[in-house]
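>>> Pasted the sequence and its predicted model underneath.
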Amino acid sequence: MAMFKRLLKSEDGFAVPSVLLMTVAAMGIASVGVMASIQGQSGTVRDQGSKTALAVAESGVDQALLHYNRGVAPCAPATEGDWCGPVTGMSVNGGTVFYWARLASGEECGVGNEVECVEIVSQGTVGGVTRRVDVYASTVSTEDSTGGGPFASASVLSLDTIELDSNSKIHTGTATNGNMILKSNSKQCGQASVGIGKKLETSSNAGYYSDSLCKTKSSTVLQQELTLPPVNQGDAATNNDNARFFALDTVSGNKADACWAGKNANGKTTSACGTRELRVDNNSAVTLGGSVYSFCKLTLRSNSALYIAAGADVTIYFDSPEACGYSSGVTQLDLQSNSRITSATGDPISVAMLFVGSETRQTKVQLNSNTSVNGPCEQNFVIYAPRSDVDLDSNSRFCGAVAGKTVHLDSNAEIWTASGSDDFTLPGVEIPETPAHYTPYRFVECSAVTASPPNAGC
Amino acid sequence: MSGARKVAAALHREQRGLTLIELLVASMLGLLVVGAGMSIFLSAVRSEPRTGSKVAAIQQARFTVDRIVRELRQGLEVAKTPTPSSSQLAVVTYVKAATCGGAAASTAIPCRVTYTCSAGTCTRTVAQPDGSAPGSPVQVAGGLSSSSVFSYSPSASKPTYVGVTFAFSTDTEPVTLGDGAALRNPSEEA
């Protein structure tokens, strides 16, 4: 017994080496698991870093665009068209971002000659991970429209929506504050601009083209705010050339088929037209030779025509439905069945039809059934109706510039541009200068290494 | 006992080291630990080729997901032909190449890139933006447990966001790589 106790007592060194051995073994096994876990997560950390760096780089683009859309360039290049920057000093999401920017135009932008664009290269770095992106953003040039007319950048304008249906076509640039909707083989041929956050939607073989002849497909839709000031008719309602009917502004054809202010061209009272209403029917025609007219309604039916004297510069104001005593839904310009408004001789003329409209009562402009407002597109016709719904239907054709609350084309209707319509200025109204709105349209990731010029490797 | 003997005895006692029982116990514990380690090691060695190829496939898939997402991010439109499906995606996007399907270049041009997944593999084909002159398909992912890779939002006919999911079956838990991107250069006609 004593010997066993002595042996047991002499085993003092047992615990320490055993525990050490066990500890080392356990640590070895645990470290294998830890190392495997670290290795497994390294890829995830790398992915997270690259995504964050990319987001930081994109924030630099957003900041640059914010500057441009406020009308203030973020930096000044040494010479026009050169790069400026880097714009530094920003910290985003724990990372750093800096960017370069330059203004470009024409073919460099690749979206049409009338468009200017900015190119921004932004570099974001987070946790040692760097990402670089190159973005082009464009807008319709407002340079020419500064203090100019409403059609300086596009010939078809709408405050709400532009809708094309059933083979209808627009052969010029368009701009709307809302969406542009193309359906059933319709075509928009020319640069389109929609409202901020709005879209150009196509369906059923409808197409969007960059050129007026519908040859080159396009996908670049600009976004910008559109302002259409109301018509200021001044004293046109009382001071005008209405008295020319029908002594000076004569009728060709059957005089009984031309009606102005309750009387036909024979001087007989008729219910076919009311106060400040001109109506022409059945192959007859009226030739306008004055310069300012004030109408409540103009109706052309059945092969009738409204001719404009050669070289004339005519402005026709359509008064508000309240002033004319109309209820909501009245059609103030109504062309039906092969009727037309055109130059009497084919010589250049300038005709502006300006609609006062109403905020509360709907007014309409309608061209229907093979009607036309000028044929060869050499004249300068303008329909400016920012409070009216403009509707072209059934093979009708308009040549010039149109502005409406809504613009709708259906059944082979077409709008062509006319030379000079972009020079039209709204009488008595000054168009306020608005900063251009740049919308990104080309996003490319670059190699992460900073290069010279800044867009090298993009 | 003389002084010299006392010193020798003390020295002997201090240098006695481990007892026999200590050595036996320690050896047995050591053998157990080494045995367990060897068992794990041998198991790992036996499964290494299978695991290695699986890891390589996942790494390759990870690279491919990165590439697809980057191409989607700078994409113009998801092409309507071939019809977008869970196993096939054709996107018109910017590719850094001199020509579509040609050698790499520093600037990017629009090309149509088509990914086709079937029987556990995915291939990538580069063609002109209109789909003409397609190059040879190149395998970019393998070992997938499902060919259902792509998802579209809000719809396959007009997607603005495309999700990418690579699924792998393993001996333990299945591995899924998931990512996606919104098209930054959307075509209004898409």
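Cool, got the structure. Numbers count the residues shown, from 1 in each chain, chains lettered A, B, ... in the order given.

>>> and the longest helix seen in chain A, what other elements does it pack with?
Ranked by residue count, the top helix of chain A under DSSP state H comes out as helix A:15-69. Secondary-structure packing of helix A:15-69 (3 or more Cβ pairs under 8 Å, 6 or more residues apart in numbering or on different chains; DSSP states H and E): strand A:84-92, strand A:95-105, strand A:115-126, strand A:129-140, strand A:439-446, helix B:20-73. C-beta here means a position set from N, CA and C on the backbone, and glycine is covered the same way.

>>> got the angle for it vs strand A:95-105?
Angle, helix A:15-69 to strand A:95-105, by axes from the mean of the first three to the mean of the last three Cα atoms, to 10 degrees: 30 degrees.

>>> low pLDDT regions in chain B?
B:1-2, B:10-18, B:171-172, B:187-190 (pLDDT under 70).

>>> which residues in it form helices?
Assigned by DSSP H, the helices in chain B fall at B:3-14, B:20-73.

>>> Nearest approach to chain A belongs to which of those helices?
Proximity to chain A (Cβ to the nearest Cβ) singles out helix B:20-73 among those, at 4.4 Å.

>>> and residue A:155, how many neighbours?
28 (other Cβ atoms under 10 Å in any protein chain shown).

>>> Please tell me how far it sits from chain B.
20 Å (Cβ to the nearest Cβ, to the nearest Å).

>>> these two touch, right, that residue and residue A:424?
No. Residue A:155 lies out of contact with residue A:424 (Cβ atoms under 8 Å); the separation is 9.6 Å.

>>> How far off centre is the longest helix of chain A?
46 Å (Cα atoms, centre = their mean, to the nearest Å).

>>> quick one, that helix and strand A:129-140 angle?
20 degrees.

>>> Could you tell me which residues of chain B lie near chain A?
Within chain B, the positions near chain A by Cβ under 8 Å from any Cβ of the partner chain are B:17-19, B:21-22, B:25-26, B:29-30, B:33, B:37, B:59, B:62, B:66, B:70, B:73-74, B:76-77, B:94, B:106-108, B:179, B:184-190.

>>> where do the strands sit along the stretch 351-458 of chain A?
Here the stretch 351-458 of chain A has its strands, by DSSP state E, counting those that start in this stretch, at A:363-367, A:372-373, A:380-392, A:397-399, A:401-409, A:414-416, A:439-446.

>>> Select, out of these, the one closest to residue A:311.
strand A:380-392 (11.9 Å; Cβ to Cβ).

>>> Can you list the low-confidence ranges for the stretch 351-458 of chain A?
Using pLDDT under 70, the stretch 351-458 of chain A drops low at A:373-380, A:419-420, A:430-435.

>>> any chance you could map the strands in the stretch 101-250 of chain A?
For the stretch 101-250 of chain A, strands defined by DSSP E, counting those that start in this stretch occupy the ranges A:115-126, A:129-140, A:156-158, A:162-164, A:169-171, A:174-176, A:180-182, A:187-189, A:192-194, A:200-202, A:207-209, A:221-223.

>>> Same list, those strands, but as TSV with mean neighbour count please.
Output for those, formatted as TSV (neighbours: other Cβ atoms under 10 Å in any protein chain shown):
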stretch	mean neighbour count
strand A:115-126	25
strand A:129-140	24
strand A:156-158	28
strand A:162-164	26
strand A:169-171	25
strand A:174-176	26
strand A:180-182	25
strand A:187-189	25
strand A:192-194	26
strand A:200-202	21
strand A:207-209	20
strand A:221-223	22
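
>>> Turn those into a markdown table, columns for mean pLDDT.
Below are the strands of the stretch 101-250 of chain A laid out as a markdown table (pLDDT from 0 to 100):
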| stretch | mean pLDDT |
| --- | --- |
| strand A:115-126 | 88 |
| strand A:129-140 | 86 |
| strand A:156-158 | 94 |
| strand A:162-164 | 96 |
| strand A:169-171 | 93 |
| strand A:174-176 | 93 |
| strand A:180-182 | 95 |
| strand A:187-189 | 93 |
| strand A:192-194 | 90 |
| strand A:200-202 | 92 |
| strand A:207-209 | 91 |
| strand A:221-223 | 82 |
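
>>> To residue B:99, which of those lies closest?
Proximity to residue B:99 (Cβ to Cβ) singles out strand A:129-140 among the strands of the stretch 101-250 of chain A, at 20.1 Å.

>>> That closest one pairs with which strands, parallel or anti?
When sheet partners are counted by DSSP bridges, strand A:129-140 sits next to strand A:115-126 (antiparallel), strand A:439-446 (antiparallel).

>>> Tell me how far the longest one lies from the chain's centre.
For strand A:115-126, the distance between its averaged C-alpha position and the chain's averaged C-alpha position is 23 Å (Cα atoms, centre = their mean).

>>> Run the angle between it and strand A:84-92 for me.
Going by the same axes, to 10 degrees, strand A:115-126 is angled at 50 degrees with respect to strand A:84-92.

>>> buried set for the host helix or strand of residue A:317?
If you go by DSSP states H and E, residue A:317 is part of strand A:313-318. By neighbour count on 16 or more other Cβ atoms under 10 Å in any protein chain shown, the buried set for strand A:313-318 is A:314-318.

>>> Spatially nearest residue to residue A:320, not counting backbone neighbours?
Sequence neighbours aside, residue A:356 is the residue nearest to residue A:320 in space, at 4.4 Å (criterion: Cβ to Cβ, 6 or more residues apart in numbering or on different chains).

>>> Would you mind measuring from the one you found to residue A:232?
Distance check for residue A:356 against residue A:232: by Cβ to Cβ, to the nearest Å, it reads 9 Å.
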